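In: can you look at this prediction? I've put the sequence above it.
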Amino acid sequence: MNIAVASGKGGTGKTTLSTNLAFYLKKELSKNIVLADIDVEEPDSRLFFKITEEKSIIQHTYIPVWNEEKCTLCGKCSKICNFNAIAKLPASILIFNELCHSCYACSELCEADALTMEASRIGVINHYETEFLTLIEGKVDVGIEKPVPMIKKVKDYIKKTFSPETTVIFDSPPGTSCPMIEAIKEADFVVLVTEPTPFGLHDLKLAAETAVKLSKPFGIVVNRSTEKEDIVTKWASSSNFRILGKIPEKREIAELYSNGSIIYDKDSDFKNELENIFNNMKALI
Amino acid sequence: MRILFTAHGKEWDSKVDQRFGRADGFLLFNEETNELSWHDNAQNIHAEHGAGIQAGQHAVNLKAEVLITGNVGPKAFRVLNSAGIEIYTVKGELSVKEALTLFREGKLEKAENETTIGLG
Amino acid sequence: MKEIVVISGKGGTGKTSVTAALSYLNREKALIVDCDVDASNLHLVFDPEIDDKRDFYSGFKAEIDENRCMNCGKCHNICRFDAIEKKEFVYSVNETSCEGCGYCEKICPANAITMKQPLVGKIFIGTAKHNIPMIYAKLDIGADNSGKLVSEIKKLAREKRALLKKELLIVDGSPGIGCPVVASLSGADRVIIVTEPTVSGIHDLERVFLLTKRFKIKAACIINKADLNKAKTEEIKTFLNSHEIKFAGEIPYSKVFTSAVKEGKNVIEYDPESDVSEILRNIWSNMETFINEEKQ
């Protein structure tokens, strides 16, 4: 089963929830759990765990490579490329890997067969064993401008590495653009984390709209909750969306987080709420 | 020599556009014929990615030997440099006419590297 | 005229709240632009009246003309993004998956496929509370945030600033370290980084700093929630010191930010007497020299 933890914007507590939820399910309920950090531009879930073993697997996409001998300099490739990734100069062809989407059009439509698709590194998948659970992290190299291919790679890696009975918690990239959609589109359930402020509600509405558009079942977690009837709760009940739980606003929680610490085993309010969130989620799945 | 300017308009008095990839358009001056011609860049202003590359391609297609502009990003620089087009940069608000005078007096700085960060 | 961009890397550090307060302090002379086009928030505390609303088109999506399609399936076979779906002999485009490469358009023997430029967002130009001119935008769900929309609204903001003869352009920068934040930094005179003393805050500060260095923009840093973790705050200060980033000040962990946002106000407007408001006023007056120094 795949659970995606997402939010309309960063900094709402997405990583706090996914790391603690994974840890809790593994340690308290002995579930078969993998935590996957697919916020591939800024993965930081690993900062919250003590890593005991790790391996790193290089990931590639395929990009065209120019074959000077075969090329007739007809310039068709440059015209074909919708991403402006190919320039045709008087005596050569220039390819900009960072703009290539690996659509293969230039290569397969080249009449002289002068562009072959070859592997090009985009980043790594890190497979960590931590004290209690397995953490898979995708991380793009600096200068790689498109995160989506790496998110696909991590999902593929998980599919082929772990049994289908495994519960995978995906710490997803924030926002509502392509990376977030790629992250949640195959999830069985989406958890949207937000704050009970006008900022939080505004971003939550966008994220909820995305989940609805993709027909994903989802529930809401209110982080830094201060009151019972906050604006997020009111909006959720008027829209018939489900609140899974509320993590209280507590300085102690913020302090534990600041040190990169797991919270639920040190704060009983937090632990109770985490149990609550999981039980509500279970009822919905 | 064929000198290409990024420009906000079609005249000698038009200002040099500080942008290359997303410039309003290009003015090409052919020194041999004394002809000044205007080349639109509209499709590129709205390009999602790779505007600098396309503009570079445009400069190559126009057979420019020198480019006078405000800034070029790394991708545009790679195209222009590979095609042997020399790049000179101007700072501030200058007309195309003024920029040409400065260029002829050897007062413009030649760019040996990209002068700005591309926007992707 | 100066262009100042506020960024944070990581979300949740209080970037927008700080931007709102600094904009309010400069309400007579500033124009504000929100470059967080994925989820813009600044307008929620500035309540702008919109004078002008523009459509934003970008990218491409394939479209199949059913009347022309011969159901040969060629497009389905060549698409690397699984964006051509086959439902009972009829082919259609999954817009979420289509990346707009146009390969299908080029090989379709029936010329049944065309690439359409979709409407992916809106730009809002208006006047905020306290008579501050303001520009922001909203990118639709699933649209590719390439930085192009950010470049576009910054261009509009610069034109408008020149027209209104404002001295300051205050930019609420995009999150992260990717293309949009690069676009929001482009052409800036100064950058203000808002960070927090947490493991991820420091991690992101280092990444964001590399960006400002590449751009050669002078940076100042505000540490928010500074008393939450004093050791980490010291760690940040050491980092700033050794990387020539101006330390602009520290703000304690405070609920006043949240209370202000709940009222639709910035902190200084909400409670001018609060400690945080006093600190923010000091931060700004300390920074004025830094901002007005000539570029090096």
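Out: Arrived safely.
In: going forward, measure contacts between C-alpha atoms and count neighbours the same way
Out: Will do.
In: and the closest residue to chain B within chain A, how many neighbours?
Out: Of all residues in chain A, the one sitting closest to chain B is residue A:84 (5.1 Å; CA to the nearest CA). Residue A:84 is flanked by 25 other residues according to other CA atoms under 10 Å in any protein chain shown.
In: show the contacting residues for residue 192.
Out: Picking chain A for this. A:5-8, A:204, A:207-208, A:218-221 (CA atoms under 8 Å, 6 or more residues apart in numbering or on different chains).
In: hmm, no, I was thinking of chain C.
Out: So residue C:192 contacts C:4-7, C:219-222 (CA under 8 Å, 6+ apart).
In: partners of it in the sheet?
Out: Beta-bridge partners recorded for residue C:192 (DSSP bridges): residue C:6, residue C:220.
In: now it: how far from chain B?
Out: Going from residue C:192 to chain B by CA to the nearest CA, to the nearest Å gives 19 Å.
In: find me the pLDDT at that residue, would you?
Out: On the pLDDT scale, residue C:192 is placed at 96.
In: now the helices for the chain?
Out: Assuming you mean chain A. A:14-29, A:76-80, A:105-109, A:148-161, A:178-184, A:198-213, A:231-239, A:251-258, A:268-284 (DSSP state H).
In: other chain: chain C
Out: So, for chain C - with DSSP H - the helices run C:15-25, C:43-46, C:74-78, C:103-107, C:148-164, C:179-185, C:199-215, C:230-242, C:256-262, C:267-270, C:275-292.
In: including mean neighbour count, distance to chain B and mean pLDDT, could those helices go into a markdown table?
Out: Output for those, formatted as a markdown table (neighbours: other CA atoms under 10 Å in any protein chain shown; distance: least, CA to the nearest CA, whole Å; pLDDT from 0 to 100):
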| stretch | mean neighbour count | distance to chain B | mean pLDDT |
| --- | --- | --- | --- |
| helix C:15-25 | 23 | 23 | 96 |
| helix C:43-46 | 20 | 26 | 96 |
| helix C:74-78 | 17 | 23 | 97 |
| helix C:103-107 | 20 | 17 | 97 |
| helix C:148-164 | 19 | 6 | 92 |
| helix C:179-185 | 26 | 6 | 83 |
| helix C:199-215 | 18 | 7 | 86 |
| helix C:230-242 | 16 | 23 | 96 |
| helix C:256-262 | 18 | 33 | 94 |
| helix C:267-270 | 21 | 34 | 97 |
| helix C:275-292 | 16 | 19 | 93 |
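In: looking at these, which is closest to residue A:197?
Out: helix C:256-262 (5.7 Å; CA to CA).
In: return the list of helices and strands in contact with that closest one.
Out: helix A:198-213, helix C:267-270 (3 or more CA pairs under 8 Å, 6 or more residues apart in numbering or on different chains; DSSP states H and E).
In: ok, 10 Å please
Out: helix A:198-213, helix C:15-25, helix C:43-46, helix C:267-270, helix C:275-292 (3 or more CA pairs under 10 Å, 6 or more residues apart in numbering or on different chains; DSSP states H and E).
In: could you dump it to PDB, C-alpha only?
Out: Extracted in PDB, the C-alpha atoms of helix C:256-262 (Å, rounded to 0.1, in the frame of the first residue of the first chain):
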ATOM      1  CA  VAL C 256       2.300  36.800  17.100                       C
ATOM      2  CA  PHE C 257       3.100  35.900  13.400                       C
ATOM      3  CA  THR C 258       0.300  33.400  13.400                       C
ATOM      4  CA  SER C 259      -2.100  35.700  15.200                       C
ATOM      5  CA  ALA C 260      -1.400  38.500  12.700                       C
ATOM      6  CA  VAL C 261      -2.000  36.200   9.700                       C
ATOM      7  CA  LYS C 262      -5.300  35.000  11.200                       C
END
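In: nearest to chain C among the contacts of residue A:192?
Out: residue A:8 (7.0 Å).
In: name the residue of the stretch 1-150 of chain A that lies nearest to chain C.
Out: Closest point on the stretch 1-150 of chain A to chain C, by CA to the nearest CA, is residue A:11, at 3.7 Å.
In: and that residue, backbone torsions?
Out: phi 80, psi 10 (degrees, to the nearest 10).
In: ok, the closest residue to the residue of chain A closest to chain B other than its chain neighbours - contacts?
Out: Spatial nearest neighbour of residue A:84, chain neighbours left out: residue B:50 (5.1 Å); criterion: CA to CA, 6 or more residues apart in numbering or on different chains. Neighbouring residues of residue B:50 by CA atoms under 10 Å, 6 or more residues apart in numbering or on different chains: A:82-86, A:96, A:98-99, B:21-22, B:44, B:56, B:75-76, B:118-120.
In: which of these are buried?
Out: The neighbour count (16 or more other CA atoms under 10 Å in any protein chain shown) marks A:82-86, A:96, A:99, B:21-22, B:44, B:56, B:75-76, B:118-120 as buried among the contacts of residue B:50.
In: strands - which of those land there?
Out: Among the buried ones among the contacts of residue B:50, the residues falling in strands (DSSP state E) are residue A:86.
In: and of the helices of chain A, who's closest to residue C:79?
Out: helix A:105-109 (9.2 Å).
In: now the closest one: buried residues?
Out: Applying 16+ other CA under 10 Å to helix A:105-109 flags A:105-109 as buried.
In: near chain C at all, it?
Out: Yes - counting by CA under 10 Å from any CA of the partner chain, chain C has neighbours in helix A:105-109: A:105-106, A:108-109.
In: for that helix, name the packing helices and strands.
Out: Packed next to helix A:105-109, using 3+ CA pairs under 10 Å, 6+ apart, are strand A:51-66, helix A:76-80, strand A:115-130, helix C:103-107.
In: sorry, back to before: which among the helices of chain C is found nearest to residue B:34?
Out: Ranked by CA to CA, the member of the helices of chain C that lies closest to residue B:34 is helix C:148-164, at 33.8 Å.
In: which residues in chain B form strands?
Out: Using DSSP E, strands in chain B cover B:2-7, B:25-30, B:35-40, B:66-69, B:86-89, B:109-110.
In: output the ones you listed in CSV, with mean neighbour count and mean pLDDT appended to each entry.
Out: Formatted as CSV, the strands of chain B follow (neighbours: other CA atoms under 10 Å in any protein chain shown; pLDDT from 0 to 100):
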stretch, mean neighbour count, mean pLDDT
strand B:2-7, 26, 96
strand B:25-30, 23, 96
strand B:35-40, 15, 95
strand B:66-69, 24, 96
strand B:86-89, 20, 96
strand B:109-110, 14, 92
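In: nearest to residue C:117, out of the ones you listed?
Out: Nearest to residue C:117, of the strands of chain B and by CA to CA, is strand B:35-40 at 20.2 Å.
In: just checking: what are the partner strands of the closest one?
Out: strand B:25-30 (antiparallel).
In: could I get the partner strand in PDB with only the CA atoms?
Out: Provided in PDB are the C-alpha atoms of strand B:25-30 (Å, rounded to 0.1, in the frame of the first residue of the first chain):
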ATOM      1  CA  GLY B  25      14.000  41.600 -31.300                       C
ATOM      2  CA  PHE B  26      17.300  41.800 -33.300                       C
ATOM      3  CA  LEU B  27      18.700  44.500 -35.500                       C
ATOM      4  CA  LEU B  28      21.300  43.200 -38.000                       C
ATOM      5  CA  PHE B  29      23.700  45.800 -39.500                       C
ATOM      6  CA  ASN B  30      25.600  44.700 -42.600                       C
END
